[in-house]
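K.L.:
heads up, no residue letters with this:
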């Protein structure tokens, strides 16, 4: 991985795996679902070559980080707490933050709860949405899109994990990471993941079979429950 180093830090009561490279101002790179630190592999090398210290953790529930079983410990406060403790462990008073998907969601709240720790923010795919105490997120998704909306389908413990196991981790990663339709993801129960998510004939240039196999090897080890718990904790 071109000199990327790895270590595990005990922060906020959980072991968080971190990949890093470079010296200089810290850029904290936060991944989404179903992803890992590995999503930032190219950016880590590029940032390090430009005088930054690029740091990409596996968020709690993912990869080589701890994955508590109960969804109640995946709240914004838990995950942002991990990030605050991680930044403190890394040393600098402030960091640049880049987030994607769930990483972007948590990055927004890191900025809101601890603006003193963030020098600047770049987010991908998730716009800021302030908390609405009169609307529960999962209930809103169900009202707007129906029971087959992917967030609604992710709520039942073990159900979507069983569907992933049926089609295989490698196949699921290939489907999810290459899904390109701009519309929201709908997974009808009578069709399942196999039919609902199209699979490309060939992989795009930015994603290789080796990349897919790396993702799959980590999720086969840790499972998907940790990552899915972020969705299961949305209302809480």
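P.N.:
Now that the structure is in, tell me what you want to look at. Model, not experiment: these values are computed from the prediction. Residues are numbered from 1 along each chain as shown.
K.L.:
from residue 184, how far out is the residue located most distally from the centre of the chain?
P.N.:
Computed with C-alpha atoms, centre = their mean, the residue of the chain farthest from its C-alpha average is residue 190, at 27.4 Å. Distance check for residue 190 against residue 184: by C-beta to C-beta, to the nearest Å, it reads 18 Å. C-betas here are computed from N, CA, C, even on glycine.
K.L.:
got it, and residue 236?
P.N.:
Applying C-beta to C-beta, the value for residue 236 to residue 184 is 22 Å.
K.L.:
and the helix or strand of the chain with the lowest mean pLDDT, how far out from the chain middle?
P.N.:
Across the helices and strands of the chain, mean pLDDT, DSSP states H and E gives its lowest value to helix 192-196, namely a mean of 79. In terms of C-alpha atoms, centre = their mean, to the nearest Å, the centre of helix 192-196 is found 22 Å from the chain centre.
K.L.:
over to stretch 12-24?
P.N.:
15 Å.
K.L.:
which residue is nearest the middle of the chain?
P.N.:
Taking C-alpha atoms, centre = their mean, the chain has its central residue at residue 32, 2.1 Å away.
K.L.:
is it correct that it falls within a helix?
P.N.:
No. Assessed with DSSP: H, G, I helix; E, B strand; the rest coil, residue 32 is coil; it does not lie in a helix.
K.L.:
tell me the phi and psi of the closest residue to it other than its chain neighbours?
P.N.:
Closest residue in space to residue 32, ignoring its immediate chain neighbours: residue 101 at 2.2 Å, by C-beta to C-beta, 6 or more residues apart in numbering. For residue 101, the backbone dihedrals (degrees, to the nearest 10) come out as phi 60, psi -120.
K.L.:
what does residue 98 give?
P.N.:
Backbone torsions for residue 98, taken as degrees, to the nearest 10, come to phi -130, psi 130.
K.L.:
what sits against the closest residue to it other than its chain neighbours?
P.N.:
Leaving aside its chain neighbours, residue 98 sits nearest to residue 122 (4.6 Å; criterion: C-beta to C-beta, 6+ apart). Neighbour list for residue 122: 96-99 [criterion: C-beta atoms under 8 Å, 6 or more residues apart in numbering].
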